[in-house]
Each structure stands twice: as structure tokens, then as C-alpha cells.
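Peer 1: Task: produce atomic coordinates for the following.
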Amino acid sequence: YGALPRNSLEEEFDEELAAIGETIHKRLCARCHVPPDDPDVTDVLGPPLHGQRATYLRYALKAYLSGTRENILSDMEEKIALLDEGDVAVLVHYYTSY
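Peer 2: Below is the predicted model:
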């Protein structure tokens with residue numbers, strides 16, 4: 001499923017915030033969440049987050065951060081614990097910039 005082609009949703013995003021989000025993604029998320037057009041997409045643990053709807057990403061990341069949504073893997077739980085509300089905002093801009 002993760003390897004299926006994904007059309008742009010043309011969501012609005014801030015380029016400067018997306019650039020900050022990209023650095024956080026590379027540091028914490030890139031090992032498990034690659035873009036859907038990455039050649040390794042079928043081999044990574046997490047689904048692609050790039051190109052998802054901003055509303056969903058914001059909801060999911062905030063729910064993980066607050067603990068109201070279970071983390072499937074301990075690695076993800078550790079990474080989520082390193083985020084704050086500002087990180088969630090810039091990650092949303094980065095993922096919707098795809």
C-alpha cells in the first residue's frame with residue numbers, strides 16, 4: 001500500500017517551516033518513514049507520511065505526543081517523546097510540502 005503512487009493534495013504550507021520540519025524528519029523519522037516514491041518504501045517499518053493531509057497529520061502527531069494514541073513500536077514512542085508542539089507544526093508543513 002505504501003508504494004502506491006500518490007497525487008499531490010496541493011495543501012498550503014510554509015516553505016521555511018517545511019525546511020525546519022525536514023531537519024527534524026531526517027533526525028527522528030527518516031529511518032522508518034520514507035516518501036512514497038522512495039525505492040525502499042516497501043522495506044521500511046512505517047507508512048509514508050509525505051503527502052498526507054495536514055489535518056490528519058496534526059491530529060495523529062498530537063495524539064501520539066499526548067499519549068491518547070498508542071505507539072506501535074517502542075522506537076516510535078522514544079522518537080515521539082523528543083517532540084514538542086512546535087516540532088509537530090513544522091513536521092506537518094514538511095510532510096504536506098511533498
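
Peer 1: Would you mind listing the buried residues in stretch 34-48?
Peer 2: Val34, Pro36, Asp38, Val41, Pro48 (16 or more other Cβ atoms under 10 Å). Glycine gets a C-beta too; all of them are placed from N, C-alpha and C.

Peer 1: Would you reformat the residues you listed as a markdown table and include pLDDT and secondary structure?
Peer 2: A markdown table is the format used below for these (pLDDT from 0 to 100; DSSP: H, G, I helix; E, B strand; the rest coil):
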| residue | pLDDT | secondary structure |
| --- | --- | --- |
| Val34 | 90 | coil |
| Pro36 | 83 | coil |
| Asp38 | 87 | coil |
| Val41 | 85 | helix |
| Pro48 | 87 | coil |
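
Peer 1: need those in CSV with distance to Leu73, can you?
Peer 2: Formatted as CSV, the buried residues of stretch 34-48 follow (distance: Cβ to Cβ, whole Å):
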residue, distance to Leu73
Val34, 16
Pro36, 20
Asp38, 19
Val41, 17
Pro48, 16
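
Peer 1: Between the residues you listed, which sits nearest Thr96?
Peer 2: Nearest to Thr96 among the buried residues of stretch 34-48: Pro48, at 12.6 Å, using Cβ to Cβ.
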